[in-house]
Structure formats: structure tokens, C-alpha cells
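Engineer: need a structure here:
(2 chains)
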Amino acid sequence: MKTANNAPYGTMPPSLFSRDRLSFELGTVLLSTLALIVLCMIFAPSSITSGALAGSLPFAAVAVIVSLGQMLVVQQGGFDLSVPGAISLAVVISTHYPAGNDAELLPAVLLALTFALGAGLFNGILIGVVRLNAIVATIGTNALLYGGVIAISGGVPRTTTPLLSRIAGGEFLGLGYTVWYALAIVLLVSIVLKKTVAGRRYEGIGANPAMARTVGLRVRSYEISAYVSAQLLYCLAGILLAGLTSQPTAFLGNSYLLPSVAIVVLGGTSLMGGRGFPVPTALAAFFLTQLGQFSITIGVPFSAQTIIQALALGLGIAIYSFRRN
Amino acid sequence: MTLTSRKIAFAATTALTLAATAAFAEDVPPWCGPESATLALLDGSGGNSWRQITSASAREEAEKCPSITDFFYADGQGDTQKSISDIKSFAARGVDAMVVFGDAGPAVLPALTAAHRAGVTVVPYRQQVGGEEGVNYAKFVSASFVSDGVNFGNFIKREFPDGAKMLFLSGPAGNSVGLEMLEGLNSVLDERYEYLNPAPFHVTNWDPALTQQVLTAEIAKHPQIDVIISDYGASLIGGLPAFERNGRSIPAITTESVNLLGCFWQDKQANNPDFKLLTRGGGNENGRLAAQWAIALATGGTPPETSVYTSEIFEDSVTGDPSEVQCRRDLPGEIYLSAKLSPEKQLEAINQ
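Structural biologist: Next up, the predicted model:
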């Protein structure tokens, strides 16, 4: 039987920023982010100017949305490796079908969401009902989704429509729309997870599925809902990404798989499942993106950029492991 | 029929045949020999518009040669195993010639060598696969990006005679396109021209999202960027508005031509006085040169003079020579107006 990673189900205060252990996760990410900002101020002041942030925050926002999807799956003790295919399919559908025509954008977005729903159900049934291993099942789904990418477009997305470009790239109160969307999604996920009965059950099932089954909760439905919600979030991220890059490629999702897992871990969610931490996860996404901007700005070679990110991730995991043990 | 009328009929037939042969000879390019052959075009990773237009160009070239009786195409979809099995299966099916874009590099060399030994005319192109001509394959048709670097360098020197601060972006770390281009740039530019990026170039993996993040960071860091050098123009566009957000003009850019970029320049040049644009052709004709070589060797034609493809300057926004910046708003952004393949055929190729 899987054991709960941290607080057992039923003892946690249902609060968005609860007082006891949650503060540790939030505190860790907050401190790391503040430390990074201080480092940026000293060594790479230009990376935190408003101009630089206006450029990098929308990408951080996309990473936030993707990571929240991954977090929901990880909470159920799963793993979603179909992130690249899901994002790329959304990018391709939302650019290929409209082919620059704004009027076709809405049907294309609806089509992308339908595909996401289908892929989520497929993953959910394979893992929740057929009881396939999550890693194996989602690798398979990823290949299927990429099959869809190639079948629909021959691997060629088109130029973003002007409307999508405005929807993703516009600004409100100095922040890109994408950032606002991400904030709204963080809030929504936090409220649903922490403040609703369904959300509490969701976390409880993730922490201890056997116990949840014993008390009569519909474990399978919740597991399936994790994969469906995740796919919908990836789809949304893909559509926004298509809007942010004027001429996307068919494989834009590839660069989000590992970061999505890294962000979830940095955000404090245990890979064994259980409680999720939407706010720290969102902060961790900003942290990882800003770390990338920091290493580009201080002008280190690409190899060193990769090493810096790996070190940050290793340190994050070490802190949580140390704490849990 | 009398003898005279027979003679006339014979003379007329001969004349017609000769005229037809002459007309045929005029239409048939010298690289197309008399022996009939089949041709396969094998792409390692055909999933982008550039590849599909390049493949369609190679196909159009093959259609000029009546000796080519059949034309096949296979896409490795970025999968090395599939690329290898494509090469093997076409060799087993007995095609006479194959033009191969070996994305996987030396990993496909054993399969190419086996096909070569089985008597297939193997012509890898553009991507280095290792090996030797005559031993592992018939001919390697390369592309030189050094000349692009030289062209770009000369433009920079002309526009910034006293030196410039430059940002150079290319694809994955260590890719030969970027390194060759740098060699060309350095052969023209002296120490007054300073690179703002880490040596040898900013790694972007040709990923528009990463390119945008790199540009954002660099624009914020450097108050003065005179010129941006890139080998993939379309990926820059998402990042360039950051200049305007910071109240600066988009700087001079040297890169690869694509319809989207041309239209972007036309939209932005009025408000961005420093936005000068020099583009090279899209390089789609590299596929044609490779097809010519394969067909010449397989049908007994005369091979082209060179096996190294170099692209020419396509647009220069300052001199208008060889062309002003072009934009066709009725066509999708990913069309290459520099390609010989007509825009309509390009559309057909990317819509398959």
C-alpha cells in the first residue's frame, strides 16, 4: 500500500495558505525565488527590468499552466509523459485550421479542447480502470498525439492568427494577458483543491487511495479526472504558446516535459502523490524561468545554463527529501 | 504507293523524328541522361514547411527528366530507426537512385553504404553523414554556409563601417550551420565588430519560444544592439516587438528570407528607422542540386559543375538589389518567395 507523503488525509486545515506544513513548501520556494531575485539584482540587473519581465513572464505563465496539469496527475501518484504531444497538438490545431483566418479560430480552439478531452479520458481509463502503469500509458498516448500532429498538419503549423496573437500577447495593467490567465488558473485550482469537498477528496485519494476506496470514495473517477484536467490545461498552454510565438513549430511541446516535472517537485508536491501545492508550483515555474533568463543574461555558455538549472533542481529535491526524512 | 511517294514519306518521317529529337534535346537538361531510372527522396525529418518545399523542389527537378520513370518519397519523421529502415527498404525494392537528407548524421551511414554496395546511386545532401565518396555513397552534395556568413558580414560592414555590436543566434549547440556562418562572418569582420552573445552563438535550438526568451534577455541587457544575425528568420519575429516596448528601434537584421519576415518588415519599417533587412535565399534549391546529381549519375547524364550549394542574397532593404523586401499577404507566412518553386506549388506541398 502506498503511504501518504506528508500529512494524512483529514488532518489538514482546508486553507489556501494553511498554517503548518504547507508554509514550509511555500516558504522554501519563496525564499529561493527571493534569493534568485537578489542574485539577479547583483549579477544580472537587466533580467529583472520591466522590459525583460514583460518578455519572459508570458513564458513563465505557460510553464505555470503546464505544471499545474502535471501537478494534478502527480497528486494521484501518476506521471504524465504525454505533455509534449498534448501541447504540440494544441499548437498545431490552433494554427493549422484557421490558417491566419480569425473567424476560424474559435472552432479550432474548440476542436483542440475536444482532442484534449479525448486524450485525457484515454489516459484516465488506461491508468484508472485498466490499471496500466502511468509512465507506460502516457508514453503511448504521447506517441498517439504526435501521430495526430503529423496527420493533421504534416508537421507544419501555420502562422498564428492576428486574433490569437492579441489574445495571448496583449497587456493589461503592464502584465501580459497570459500572465493573468495563469493567475486565474492558479486561483481556480487552489480554490477547487483546498476549498471544495471534491478537492479535499481528490487530495485524500492521492494520499491514500486504498483508504479512500475503503471509505467509499470513487477513486477511479477522481483518477480519470486528474488526467482529463491535466490535458485541458496542456491544451490551454499550447494555444497560448501558439499565440505568443508568431510562427510556431510542430514540436514546441518538447521543451516542457522535464521542466513540468521539475517545477512540480520544486513546488513541493511529492512524486508519491498526495497534497498538491498550486501556489508554490506557480512560484517554482517563475523561479525556473527566471533562472533561465538569469543564466542567459550573465552570458554563460549554453552548457553551463543547463548545469545551473540541473543544480537548482537537485538542490530543491534535496531540501524536500531532507525535510521528509 | 510509288517509289517517289515512299521516299517522300520516309523523308517526312525522318524529318519529323529529327525535329522531335531536337525539341526533346532542348527541353531535357544535360544532367538527364538516356538510361531510365527510378528515384527515391528520403527525408530524415520532413515535418516542417522548409523540408516539404525543398522536397517538392527536388521532385519538380526530377520531373524535368523523362528518363526518371518513377519517383518515391519517404519521411523518417525524426526517427533514426525509421530513416534507416526507409533507406534499406528502398534499396531492397530496387530503386536506382536515392537522394537522402540524413538528419541522423553518421547513424545512417551503414545503411547508405549497404545501398551503395548494392548498386544504388546514393546521394546524401546538406547534412554531413561522414564516410567517403565512392566508398560509402556516390556523391555528397553539401551546402556552404560560409558564403552566407561572408554576405552577412559584408552587409554589416557596409551599414556599420566603424564597427557594430552584434547578436548572433543559431540552432542547437555545435550545429554546423552556425559554425560555418561564423567562419564566414569572421573572415570579413575585424575586432571593431563585437559579438554580444556567448561564443560561438546563442543556442536557440531553432525553437521560436527559446529564441524569444534569449532575445528578451539580451534586449534588456544591452542598451545598444546594432545588428542581429540569425539563420532562421521566422523565429525572431515573436521577440522583436520587445525593442518597441523598450522605446527602441528594431535593429538591422541579417537572416534567412521567408514571407512572414518580409511582411513583418513592411509593417514595422516606418516606425523603426534602424530596421534594415538583408536576407539570403531559403536554400530550397539545395534539394534540386542533389536531385540533379543523383539523376545524372543514375541515367548517364552530365553532372552539374559543383556539388556545393551556396545560397544567394535575396533581399536588401537598403539598396533594393537584388530585390526589395517582398511580401505576399495573400499567401501564408511560411512560403519562401525566394524559392524557384511557384508559391502555388509550395502551398500544395505544405498542405499535403
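
Engineer: need the three-state assignment for the closest residue to B:T38 other than its chain neighbours.
Structural biologist: Take B:T38 and drop its neighbours on the chain: the residue closest to it by Cβ to Cβ, 6 or more residues apart in numbering or on different chains is B:D70, 4.2 Å away. No exception for glycine: its C-beta is placed from N, CA and C like everyone else's. Secondary structure for B:D70, judged by DSSP: H, G, I helix; E, B strand; the rest coil, is strand.

Engineer: identify the residue spatially nearest to B:V120, adjacent ones excluded.
Structural biologist: Per Cβ to Cβ, 6+ apart, closest to B:V120 is B:A91, 5.3 Å.

Engineer: buried residues in the helix or strand harbouring the one you found?
Structural biologist: Per DSSP states H and E: B:A91 is located in helix B:80-92. Judged by neighbour count (16 or more other Cβ atoms under 10 Å in any protein chain shown), helix B:80-92 contains these buried residues: B:80, B:82-84, B:86-88, B:90-91.

Engineer: was I right to think A:P278 contacts A:V186?
Structural biologist: Yes. Under the criterion of Cβ atoms under 8 Å, A:P278 lies in contact with A:V186, with a separation of 5.3 Å.

Engineer: which neighbours do the two have in common?
Structural biologist: Listed as contacting both A:P278 and A:V186 by Cβ atoms under 8 Å, 6 or more residues apart in numbering or on different chains are A:L68.

Engineer: neighbour-wise, which of these two wins?
Structural biologist: A:P278 (25 against 20; other Cβ atoms under 10 Å in any protein chain shown).

Engineer: that one and B:A56, how far apart?
Structural biologist: Distance from A:P278 to B:A56, counting by Cβ to Cβ, to the nearest Å: 48 Å.

Engineer: contacting residues around the residue of the stretch 201-350 of chain B found nearest chain A?
Structural biologist: At 2.8 Å from chain A, B:T216 is the closest residue in the stretch 201-350 of chain B, using Cβ to the nearest Cβ. Residues in contact with B:T216 (Cβ under 8 Å, 6+ apart) are A:51-52, A:54-56, A:293, B:239, B:242.

Engineer: okay, now residue 31: neighbour count?
Structural biologist: In the absence of a named chain, this looks at chain A. A count of nearby residues for A:L31, using other Cβ under 10 Å, gives 11.

Engineer: wrong one, chain B
Structural biologist: Neighbours around B:W31, by other Cβ under 10 Å: 21.

Engineer: and it, what does it touch?
Structural biologist: B:65, B:292-293, B:295-296, B:301-304.

Engineer: verify the assumption that it is located in a strand.
Structural biologist: No. Assigned with three-state DSSP, B:W31 falls outside any strand and is coil.

Engineer: can you tell me how far it is from B:L297?
Structural biologist: Distance of B:W31 to B:L297, given as Cβ to Cβ: 9 Å.

Engineer: same deal with A:T297?
Structural biologist: 51 Å.

Engineer: which of the two has more neighbours?
Structural biologist: A:T297 (23 against 20).

Engineer: hang on, the earlier thing: and the helix or strand following the helix holding B:A91 with chain A, contact?
Structural biologist: Next in sequence after helix B:80-92, counting helices and strands by DSSP H and E, comes strand B:97-101. No. Against chain A, strand B:97-101 shows no contacts by Cβ under 8 Å from any Cβ of the partner chain, the least distance being 14.1 Å.

Engineer: kindly export strand B:97-101 (C-alpha atoms) in PDB.
Structural biologist: Only the C-alpha atoms of strand B:97-101 are listed here, as PDB (Å, rounded to 0.1, in the frame of the first residue of the first chain):
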ATOM      1  CA  ALA B  97      19.000   6.300 -57.200                       C
ATOM      2  CA  MET B  98      18.300   7.800 -53.800                       C
ATOM      3  CA  VAL B  99      18.600  11.400 -52.500                       C
ATOM      4  CA  VAL B 100      18.900  11.300 -48.700                       C
ATOM      5  CA  PHE B 101      18.600  14.100 -46.100                       C
END
